[in-house]
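# The following block contains a protein sequence and its predicted model.
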Amino acid sequence: MSQDEIFGKVKEVLVDALSVDDDQVTLASRLQADLDAESIDFLDIVFRLEREFGIKIDRNELFPESVFQGDPEFVQDGKVTPKGLSELRERMPFADLATFEKNPKFDQIGDLFTVDLIVKYIASKLPA
Amino acid sequence: MRWIWIDRFTAFESGKSATAVKCLSAAEDHFADHFPGYPVMPAALILEGLAQTGGILVGEANQFREKVVLAKIPVAKFHREATPGEVLTYQADVIDLRPEGAVIRGKVTSGDDPIAEAEIFFAHLDQNRSAQVFGDHNFVFTGELRHLLGTAPGRPQLPPPKS
């Protein structure tokens, strides 16, 4: 399945799960800030992706919850530490960390959950 | 008034599907206000009946060990109004059942007429957290709703309610 085809299906899933318009969903859309996803929506999205693509998704792998659990090694003064960033890189290999790293504010961490992240994650799970 | 929006189960297949009926009576309080001189069942209460049918289906699938809460209704469509004297049939089918929660697809009919359809998403509350927030008793599955399940053909075996 091509990246475009995956994106098309992911878009459908998000339109259904979040009641957004087709044209609101782009690869760059952030689930929370742009598409108004709430915590329960993440679970809904995971269920729908599984049904749509016929794959098993570990919710904590796609959307790691509280990666840091308030660990001071990873977060200091509201910013993610270098150690925290490397932890993020490991847990979220498909996230666009380049932008986030410039100003790694902890409360912006939700911005890492983008449509692009989902598409790349799904692509990695589908048989080549 | 009691918060029971189904009258009886007419079919129940554990973990798969449930059918319940609800007889609409002009004596129900909501008809007086919704609307004066033009009584129609509030759409939210139709959904409540579907959620109770589906909620018990989801709860029974885990022998009521999970605390099941209605988390989200991603889709709901209403085809026509329902009025006193009608008998609504609630049909709920499990689409997804997982440790974190479940999804049901539901249909409401009156005779052959479609009344409403909806997808309902239930979450299983974290056992420890819900005990802190809601106390130890299960607020949905105690008492009358569970008793109703005993009316279903096939009568699923229920564990005794915790007191």
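Perfect, I can see it now. Numbers count the residues shown, from 1 in each chain, chains lettered A, B, ... in the order given.
# OK, contacts around B:Thr53?
B:Thr53 makes contacts with B:6, B:9, B:18-20, B:90-92, B:106, as judged by CB atoms under 8 Å, 6 or more residues apart in numbering or on different chains. Bear in mind the C-beta positions are built from the backbone N, C-alpha and C, glycine included.
# cool, and A:Ile45?
By CB under 8 Å, 6+ apart, the contact list for A:Ile45 reads A:13-14, A:17-18, A:31, A:37, A:118.
# One more pass at 6 Å, please.
Shown in contact with A:Ile45 (CB atoms under 6 Å, 6 or more residues apart in numbering or on different chains): A:Ala17.
# from the contacts of B:Thr53, which single one is nearest A:Ala98?
The nearest member of these to A:Ala98, counting by CB to CB, is B:Gly106 at 44.9 Å.
# who does the closest one bridge with?
With DSSP bridges applied, B:Gly106 shows beta-bridge pairing to B:Ala92, B:Ala118.
# I'd assumed B:Gly49 was in contact with it.
No. The pair B:Gly106 / B:Gly49 is not scored as a contact, 9.2 Å apart, by CB atoms under 6 Å.
# Quick one: the strands in the chain, in order.
Because you didn't say which chain, this covers chain A. For chain A, the strands defined by DSSP state E occupy A:75-76, A:79-80.
# right idea, wrong chain: chain B
Under DSSP E, chain B gives strands at B:8-13, B:17-23, B:67-78, B:87-98, B:101-110, B:113-125.
# Same list, those, but as JSON lines with mean pLDDT please.
Formatted as JSON lines, the strands of chain B follow (pLDDT from 0 to 100):
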{"stretch": "strand B:8-13", "mean pLDDT": "95"}
{"stretch": "strand B:17-23", "mean pLDDT": "97"}
{"stretch": "strand B:67-78", "mean pLDDT": "93"}
{"stretch": "strand B:87-98", "mean pLDDT": "96"}
{"stretch": "strand B:101-110", "mean pLDDT": "97"}
{"stretch": "strand B:113-125", "mean pLDDT": "95"}
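# residues in contact with the residue most central in space within chain A?
The geometric centre of chain A, computed from its C-alpha atoms, lies nearest to A:Phe113 (CA atoms, centre = their mean), at 2.9 Å. Residues in contact with A:Phe113 (CB under 6 Å, 6+ apart) are A:Leu31.
# distance of it from B:Ala82?
With distances taken as CB to CB, to the nearest Å, A:Phe113 is found 40 Å from B:Ala82.
# B:Ile115 too?
5 Å.
# how far away is the closest residue to B:Gly15 other than its chain neighbours from B:Arg2?
Leaving aside its sequence neighbours, B:Gly15 sits nearest to B:Ala61 (CB to CB, 6 or more residues apart in numbering or on different chains; 4.2 Å). Taking CB to CB as the measure, B:Ala61 falls 25 Å from B:Arg2.
# if I pick the closest residue to chain B within chain A, what's in contact with it?
Going by CB to the nearest CB, chain B is nearest to A:Ile40 of chain A, at 4.6 Å. By CB under 6 Å, 6+ apart, the contact list for A:Ile40 reads B:71-72.
# which residues sit in contact with the residue positioned nearest the centre of chain B?
Residue closest to the mean C-alpha point of chain B, counted by CA atoms, centre = their mean, is B:Gln52 at 1.3 Å. Counting by CB under 6 Å, 6+ apart, B:Gln52 makes contact with B:5-6.
# Give me the pLDDT value at it.
You'll see B:Gln52 listed with a pLDDT of 95.
# Tell me the residues of chain A that contact chain B?
Applying CB under 6 Å from any CB of the partner chain, we find that chain A lies next to chain B at A:40, A:43-44, A:47.
# before we move on, the earlier item: so how far is B:Ala92 from the residue nearest to the centre of chain B?
Taking CB to CB as the measure, B:Gln52 falls 9 Å from B:Ala92.
# and what of A:Leu14?
According to CB to CB, A:Leu14 stands 25 Å off from B:Ala92.
# what's the spacing between B:Val87 and chain A?
Counting by CB to the nearest CB, to the nearest Å, the separation of B:Val87 from chain A is 31 Å.
# picking that back up, same drill for B:Ala61 and B:Arg2, tell me which one is more crowded.
B:Ala61 (18 against 7; other CB atoms under 10 Å in any protein chain shown).
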